[in-house]
Structure formats: structure tokens, C-alpha cells
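**Q** 3D, please:
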Amino acid sequence: MLRTVMGALVALGLAAGSAAAQAPERVTLQLKWLTQSQFAGYYVAQARGFYRQAGLDVRINPGGPDIAPPQVIAGNRADVIVEWMPAALASRERGVPLVNIAQPFKRSGLMLTCRAETGIRTPQDLRGRTLGVWFSGNEYPFLAWMSRLGYPTNGTPQGVRVLRQGFNVDPLLQRQADCVSTMTYNEYWQVIDGGFRPEQLTVFRYDEQGVSTLEDGLYVLESRLQDPAFVQRMARFVRASMQGWDWARQNPDQAAQIVLDNDASGAQTIAHQRRMMGEVARLLDASGNGRLDPADYDRTVQTLLSSGGEAPVITRAPTGAWSHAVLDAIR
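**A** Numbering: from 1, shown residues only. This next block holds a predicted model:
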């Protein structure tokens, strides 16, 4: 009898230990912006069970106009964030040691969209114009471009007048600005939906103006990469996230619906999310592994260093700002 009871207790203990070992580990992801198809891969990974299969319980926190991902992670309110590299490098120089661990987006979707009726056809026509610019870290590529053109951004006749643009395209629709900031997958289509035809617009893509910088990378705090358990957890997170992105690329309409299902605001539409997903797919890393290309990193750094001007984005080349440690840990 004693042997039987002991055997049962041992079996129970093993079962409990096995269950504890399989308990999902929490990961908190802070997005750069509101719930939309820009982040479809993460919502798909959650909805399709990729995170769960990786032993993870992932909490996805949407961003917003008053949420700065570097501040969120610096306050230990997230394990990993989605951020543009210019903002991440600027934050690193200012004391928040962010490290890029993966780069799902290969190409930039940032554009400057202008009313053609203003006569703007080339970058040289921007001098003396009013340009809508996003801030909160999104202004850095614009400042680099204006510095390259030699245009001050203080409103003098020799430069440009900057209008602090909200996260909409109203300044263009209401003709308060000659041009506004847009993304290929979002605000450009808001301009179209606002009544403009493509031929009524002049569009400058940043990646065609020599100021292409990386967007929507995954960043963690440098100190956490010293913890092997954290590196392994991030390896599983990145692998599952890239599975989500691959599925979203192959199933864009279904991915858009998953995003819409996660939109608590009720402000999104399926038509807009489908269109966004189609455009986002064009920006993704075709390799599907999310590995940062050092050449793309170097290009971004050199673009920011060459910005100079009255408000340099970064003043020196960063060190330790990216790492393949997480991707190398994927098995």
C-alpha cells in the first residue's frame, strides 16, 4: 500500500511539474500605433495560436498619439516594442538603451504627399512651402531630408514652414498645408478617400529621395539580452511573430479581419484594413526571418548622421544598437 501511495504521489508531482514547465510565459508587446494592419503579423500570431504553440502568453498593447514606445519600455511596462529606427537610435543616444532584435519591415512606407495644384513637382519646389510633419519621433526622417536639401525648417523664405501635423490628413484636405506626411498603407488612402485623384497629387517617397530609414523593427532593452532565459523567450516570440507575418501575407483578407476583430475603438473598416494589409505586404522582409541586414542599418545611421542642421537626430554613430543574438537562438 505504501509503495502504491508513494508511486501515486510521485506521478502527481511529475504531472504538476510538467504542467508548470508548460505554463505559457508572459510577453508584453507595445505597438507604435493603434490597432491596424500595420501590425497584422502580431495579431495573426495571437489569433492563430502561434504564440500559444511557442509557449507564450502575449499581451499586445496598442499605441496612440500620447504613447511613446521607448518611454513605455524604459518604464518596464513592456518587454518588446515596435518602433522606427530613427526614433530608437535617438532614444538610445538620450539614455534609453534600445537594441534592435529583429526587422520584419524591409522597406520604408513614409511619403510626403502634395497637392499638384500648388505647382510642386520636384523637391526643389518645396522651398517656401508649408509642410505637415508628424512629431513624437516620426519627424527624424523629415529633418534628415530637409538637411540634405539644405532647407532650414524654421519658416524662413529660404527653407520650409513646418506645420505640426496631427495623425490625419486634414491640413491637406482643408488646404492648410501644401503637403502632408503619409504612409503608403494608410494616410495616402485617406487623401484619396477625401476626394483627391492620384493625378491630383505629387508624391515623394522617402526611399526614393536618399533618406530611406528602417521602420517597425522590434526593440528590447540592452540589459535584458544578458539574460539567457529572456533571449530564448524573445527567440520564440520572434519566430512566432514571423509565422504570423507570413500567414498574413498569404491570407491578406483574413488577416485584415483578424485585425478588425481586435479593434476596440470600432473606428476601423474592413475595406481600409484590407487595403492597408496589401500595401504593408510590399514592405515586409521577403526572407521571412526578420533578420536585420547590417547594410540597411548602416544606411539608416548614415542618413541620420548626415542630417546635421539645426536639430541633428543623432550626433555620433551608435554602438551595440542591434543584435542577432535572438535570431541566432531560434531553433
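
**Q** what about residue 27, distance to residue 322?
**A** Residue 27 sits 20 Å away from residue 322, going by Cβ to Cβ, to the nearest Å. From N, CA and C alone the C-beta is placed, and that goes for glycine too.

**Q** How about residue 187?
**A** Distance from residue 187 to residue 322, by Cβ to Cβ: 28 Å.

**Q** Please apply the same query to residue 176.
**A** 39 Å.

**Q** between these two, who's got more neighbours?
**A** More crowded of residue 176 and residue 322, by other Cβ atoms under 10 Å: residue 322, with 22 against 13.

**Q** Could I get the contacting residues of the more buried one?
**A** 99-101, 292, 294, 297 (Cβ atoms under 8 Å, 6 or more residues apart in numbering).

**Q** what pairs with it across the strands?
**A** Assessed by DSSP bridges, residue 322 has beta-bridge partners residue 100.

**Q** Quick check: pLDDT value at it.
**A** What the model reports as pLDDT for residue 322 is 98.

**Q** Show the residue spans covered by the helices in the protein.
**A** 2-22, 40-47, 50-53, 69-74, 85-93, 140-149, 170-173, 187-193, 228-250, 252-261, 270-281, 294-305, 325-328 (DSSP state H).

**Q** okay, those helices in a markdown table with mean pLDDT next?
**A** Putting those into a markdown table (pLDDT from 0 to 100) gives the following:
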| stretch | mean pLDDT |
| --- | --- |
| helix 2-22 | 42 |
| helix 40-47 | 98 |
| helix 50-53 | 98 |
| helix 69-74 | 98 |
| helix 85-93 | 95 |
| helix 140-149 | 90 |
| helix 170-173 | 97 |
| helix 187-193 | 97 |
| helix 228-250 | 98 |
| helix 252-261 | 98 |
| helix 270-281 | 97 |
| helix 294-305 | 94 |
| helix 325-328 | 98 |
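
**Q** Any chance of these in JSON lines with mean neighbour count and distance to residue 216 as columns?
**A** Shown next, in JSON lines, are the helices of the chain (neighbours: other Cβ atoms under 10 Å; distance: least, Cβ to Cβ, whole Å):
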{"stretch": "helix 2-22", "mean neighbour count": "9", "distance to residue 216": "32"}
{"stretch": "helix 40-47", "mean neighbour count": "26", "distance to residue 216": "10"}
{"stretch": "helix 50-53", "mean neighbour count": "19", "distance to residue 216": "18"}
{"stretch": "helix 69-74", "mean neighbour count": "21", "distance to residue 216": "11"}
{"stretch": "helix 85-93", "mean neighbour count": "24", "distance to residue 216": "9"}
{"stretch": "helix 140-149", "mean neighbour count": "23", "distance to residue 216": "13"}
{"stretch": "helix 170-173", "mean neighbour count": "19", "distance to residue 216": "24"}
{"stretch": "helix 187-193", "mean neighbour count": "19", "distance to residue 216": "15"}
{"stretch": "helix 228-250", "mean neighbour count": "21", "distance to residue 216": "11"}
{"stretch": "helix 252-261", "mean neighbour count": "20", "distance to residue 216": "15"}
{"stretch": "helix 270-281", "mean neighbour count": "19", "distance to residue 216": "9"}
{"stretch": "helix 294-305", "mean neighbour count": "18", "distance to residue 216": "13"}
{"stretch": "helix 325-328", "mean neighbour count": "18", "distance to residue 216": "16"}
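
**Q** mind giving me a markdown table with these and columns for distance to residue 161?
**A** A markdown table is the format used below for those (distance: least, Cβ to Cβ, whole Å):
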| stretch | distance to residue 161 |
| --- | --- |
| helix 2-22 | 59 |
| helix 40-47 | 36 |
| helix 50-53 | 46 |
| helix 69-74 | 28 |
| helix 85-93 | 22 |
| helix 140-149 | 11 |
| helix 170-173 | 12 |
| helix 187-193 | 20 |
| helix 228-250 | 39 |
| helix 252-261 | 36 |
| helix 270-281 | 29 |
| helix 294-305 | 23 |
| helix 325-328 | 43 |
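
**Q** Could you find the closest non-adjacent residue to residue 187?
**A** residue 169 (5.2 Å; Cβ to Cβ, 6 or more residues apart in numbering).

**Q** Brilliant, that's me finished.
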